[in-house]
Each structure stands twice: as C-alpha cells, then as structure tokens.
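Enquirer: structure of the sequence below:
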Amino acid sequence: MTELIQVKVQKDHLDKVSRSPVLSALVELIWNGFDADANTVRVSVNRDEIGISSIEVMDDGHGIGSDKARQLFSSLGGSWKGTKKISPSGRFLHGKEGQGRFKAFAIGRVVEWCSHYKSGDRICGLKIVGKAEDKGMFEVHNLKIKNTDRVGTKVTIFEPHKEFSSLSQERMFDYFSSIFAVYLQTYSNLKLYVNNDLLEVQDRIESCVVIPMSPIIDEQGKHETKLKIIEWNFQIDNGFHFCDNNEFSLLEHGGRIRGGGDFNYTAYLISSYIGDMHSKNILATYELDGSLVSSFDEAKKLIRQHFTHRRLERSNNIIQQWKRDNIYPYKEDPASKVEEAERQVFDIVALNLSVGFRLIDYSLSKQLRSFDLPFLYCCYRRFVV
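Expert: Residues are numbered from 1 along each chain as shown. Below you'll find the predicted structure:
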C-alpha cells in the first residue's frame, strides 16, 4: 500500500530551500545520520560507463519510523530535532529546521529513503520516494523485512543533474574534513567513510589553536566567544565558519579572509550567540547584526595576527633547516648593522622563493639541494648588494 505525504509549504519556497552546492547537500544528509545516533555514516558515489549513476548516504542510526515519517516529510521546520538539543544517546544535535532532506534534490531528480527501524521487538521497514519536479509530494511504502536486526537509513539519489566534479574522492575528503573535524574530534568513536575509505580527520590536521575573544553581549547577558583555527596538511580553499557553542558549523562565510592565503586553514567563530541567531532563522543575515559583525571583525584581525606569527615561526624553522643542511650562505654572525640588514633582506627574498616557488626541493638529494641557495646568494651579492 502506498501512502502520499504532501508538504504544507509553497512550491517556490521548496525550490529555494532545495538549492544548495552539492557538497553542502551531502553534508546535510551526513548530519541527519549522526543526529540519528549513527556510529557510522558511509557516502558512496556509484558510477557506470556513462558517469555518476547514483549517490548514497547510509547510516546505522535509529531509522525513520512510520509514526515519524508524516511529521518529518509533511512540512519544513517539522524536524523531531526542533525541540531537542540532545540525541537519545547524549550527543548534541546539529540540525533543527528539517530542511536538509530537501537539499538532496540539488543533486538529483529522484531521492529515495530506505529505513529500518525498531517497533517493539520487531524490525520494520519504510521506503520514502520524492522527485525534484514535485518536491511537495512524497510516496511512502512499507517494506517487508526478513532475517535482519540492522537499523538505519540509506538515502539514494538517482538521476544526478550533471557530472559533478566536486564529487571526486579528494574534494569530498577535503570538504568533509573542514566541516566535521571538530565533531569527529569530540565524538572520536564515530566514523565517516567516503567510498569505503575512512576519513581520518586527525591525520589531516597540521595544527589547531583556540584563541579567546571578547564576549558578545546582548539582553540575555554575556556569550563566551572563541576562535578556533585548524591548519591542514593538504591544499584547501581557506574557509570561515560561524558555529554554535557546541562547535557545529551553522553557516559558512562565502568570501575570503585576508592574511592567511599562504596557509591551508579553516577558521571557526564559536559562540552560543551564533546558535541563538540560527534558532531564530536570522543567521544568514548576520551582516545586519552589529554585535556579530563586530565579533567577525575581531576574528579577522586575530586571523591576520596569528598567521603573521606563523610566518615568522615558519621562516625561522626553514632557516634553521638550511643551517643544519649546511647550505645557508652566512656561516658567521653579522659583523655590523649593515651586514645584519643585508642578511635580513636576503632571508626575505630566499624565504619567499622557498615558500612560493619551492626554491629548495627536498625531494632531491642533499648534494643537489646544496646548489640552489648558494647560487641565489651569488646573484643577490652581484645585483642587489
């Protein structure tokens, strides 16, 4: 027997909600799995001879029961998470508005939810199907379940709108790392797989710092605020996220932050004030909130200061490595202020070439590496000094 669920929202609003970058849409489905107390979430991109045939997000959470299906799919804002902050197993919940399931239509025409759930001492099954051309209507089918005690939900997206280049293994790993790093550090027993490869977030982090900030003050009092900066050991578009006090990313800033372009990092502005704005559905217009804009400006200043310090630190490390390799051209301490200034200028030139153009290639033998820096020194002495 097939049941129909109609969404009580205007079509143009559904179309707006379902617009999303493909990786952001997948992030919403992953959050749904973790919020359902899944210990493992698996993302799979299936391909055939033509290209991408389907995308799956499978979890081992508590599933979608028949009593919840109508509530979950009949309206926006109808999520079971809307009135709760903690999952049954004690995890902080990420989603609340119940919009994530509609974003799946940004990826493909047909979306299918197959769910196993417990009803008393039985395992029951449910299949829910929606189509992009009629987002306001979902078909619900009961499934006959035999010989299994597994619960959870598998979301399958069929008929992708195009061959998404962002669904490569590398780009998914990189983007999911920036979104789920803090969460997977907090709940270290949870696992996220991408095409059967485990996302080991800790192995991808170069460094992590937390910087206290001025609290945000409103009529409810002080909201403690901090900035977390994670540097990665892989190349990534630098990002900035607005997070609640549980360090969940609620909004990604679309622009670039000046001052750290030569580092691979993601910055997270963390405050309960941001969570409050999100719950009021006004976080997307944060530019109109003077308190959050001031905090954002402070965070940008701290990012610039942090990476200025990191550049000095990195420069010193590089020079010390040159000295250990015995390729640094200055063997003695400077004999005068003029010689000290000359050396400082040389260090700046050499360090910029080293970072930007890999002046010293450490994949080469030490003997071959020993040629580049002395050669630069000779050029510098001939044309600059």
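Enquirer: in which helix or strand does E56 reside?
Expert: strand 52-59 (DSSP states H and E).
Enquirer: which parts of that strand are buried?
Expert: In terms of neighbour count (16 or more other CB atoms under 10 Å), strand 52-59 has its buried residues at 52, 54-59. In short, each C-beta sits where N, CA and C put it, glycine included.
Enquirer: please tell me how far L288 sits from I216.
Expert: Note on L288: its distance to I216, by CB to CB, to the nearest Å, is 15 Å.
Enquirer: which one's more surrounded, the two?
Expert: I216 (21 against 8; other CB atoms under 10 Å).
Enquirer: wait, the more buried one sits on I270?
Expert: No. The criterion here is CB atoms under 8 Å, and I216 misses it with I270 at 11.0 Å.
Enquirer: give me the common contacts of these two.
Expert: T225 (CB atoms under 8 Å, 6 or more residues apart in numbering).
Enquirer: list the contacts for the residue nearest to the spatial centre of the chain?
Expert: By CA atoms, centre = their mean, the chain has its centre lying nearest to I179, at 2.0 Å. For I179, the contacting residues are 27, 241, 249, by CB under 8 Å, 6+ apart.
Enquirer: quick one: it from S89, how far?
Expert: I179 sits 21 Å away from S89, going by CB to CB.
Enquirer: also H116?
Expert: Distance from H116 to S89, by CB to CB: 18 Å.
Enquirer: hmm, back to that, nearest to K331, of the contacts of I179?
Expert: Distance to K331 across the contacts of I179 (CB to CB) is lowest for H241, with 47.2 Å.
Enquirer: bridging residues for the closest one?
Expert: E252, Y268 (DSSP bridges).
Enquirer: give the contact list for it.
Expert: Neighbours of H241 in contact, by CB under 8 Å, 6+ apart: 178-179, 249-253, 266-269.
Enquirer: tabulate the residues you listed (a markdown table), appending pLDDT.
Expert: Output for these, formatted as a markdown table (pLDDT from 0 to 100):
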| residue | pLDDT |
| --- | --- |
| S178 | 93 |
| I179 | 93 |
| S249 | 90 |
| L250 | 90 |
| L251 | 91 |
| E252 | 91 |
| H253 | 91 |
| T266 | 94 |
| A267 | 95 |
| Y268 | 96 |
| L269 | 97 |
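Enquirer: now the residues you listed in CSV, with distance to A38?
Expert: Listed next are the contacts of H241 as CSV, based on distance: CB to CB, whole Å:
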residue, distance to A38
S178, 20
I179, 16
S249, 18
L250, 20
L251, 24
E252, 23
H253, 28
T266, 24
A267, 28
Y268, 23
L269, 27
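Enquirer: nearest to I107, of these?
Expert: The closest of the contacts of H241, once distances to I107 are taken by CB to CB, is I179, at 16.5 Å.
Enquirer: ok, the closest one to K337 distance?
Expert: Noted for I179: a distance of 51 Å to K337, by CB to CB.
Enquirer: swap in L292?
Expert: 48 Å.
Enquirer: cool, and Y268?
Expert: Look at Y268 and K337: by CB to CB, they are 44 Å apart.
Enquirer: same question for F242.
Expert: Following CB to CB, the distance that separates F242 from K337 is 48 Å.
Enquirer: between these two, tell me which one has more neighbours.
Expert: F242 (26 against 8).
Enquirer: so what's the more buried one closest to, chain neighbours aside?
Expert: L251 (4.4 Å; CB to CB, 6 or more residues apart in numbering).
Enquirer: which one's more surrounded, H116 and S89?
Expert: H116 (21 against 12).
Enquirer: point me to the helix or strand that includes that one.
Expert: Assigned by DSSP H and E, H116 belongs to strand 108-119.
Enquirer: which strands and helices sit next to that strand?
Expert: Judged by 3 or more CB pairs under 8 Å, 6 or more residues apart in numbering; DSSP states H and E, strand 108-119 is in contact with strand 122-131, strand 152-160.
Enquirer: re earlier: relative to G261, which of the contacts of I179 is nearest.
Expert: Closest to G261, out of all of those and judged by CB to CB, is H241, at 17.7 Å.
Enquirer: relative to S315, how far out is that closest one?
Expert: 29 Å.
Enquirer: again with G290
Expert: For G290, the distance to S315 - CB to CB - is 38 Å.
Enquirer: likewise for P215?
Expert: 34 Å.
Enquirer: and for K301?
Expert: Counting by CB to CB, the gap from K301 to S315 is 22 Å.
Enquirer: which one's more surrounded, the two?
Expert: S315 (17 against 11).
Enquirer: wait, isn't E56 in contact with G33?
Expert: No. Using CB under 8 Å, E56 is not in contact with G33, being 11.4 Å away.
Enquirer: which residues of this structure score low on pLDDT?
Expert: 1, 8-18, 75-85, 95-99, 354-377, 379-385 (pLDDT under 70).
Enquirer: just to be sure, S44 is in a helix?
Expert: No. Counting by DSSP: H, G, I helix; E, B strand; the rest coil, S44 is not part of a helix but strand.
Enquirer: from S336, how far off is the residue lying closest to it once chain neighbours are set aside?
Expert: Nearest-residue entry for S44: E56, 4.5 Å, with adjacent residues in sequence omitted and distances by CB to CB, 6+ apart. E56 is 69 Å from S336, where distance means CB to CB.
Enquirer: show me how the chain divides into domains.
Expert: The domain map for the chain lists 2-198, 201-310, 325-383, with the assignment taken from automatic domain parsing.
Enquirer: which residues sit against the strand holding E56?
Expert: By CB under 8 Å, 6+ apart, the list of residues contacting strand 52-59 reads 26, 29-30, 32-34, 36, 38, 40-47, 107-108, 152-158, 160, 163-164, 167.
Enquirer: which stretches of the stretch 251-385 of the chain form strands?
Expert: Using DSSP state E, counting those that start in this stretch, the strands of the stretch 251-385 of the chain run over residues 265-271.
Enquirer: packing partners for the strand or helix carrying R101?
Expert: Using DSSP H and E, R101 sits in helix 100-103. Judged by 3+ CB pairs under 8 Å, 6+ apart, helix 100-103 is in contact with helix 11-17, helix 22-35.
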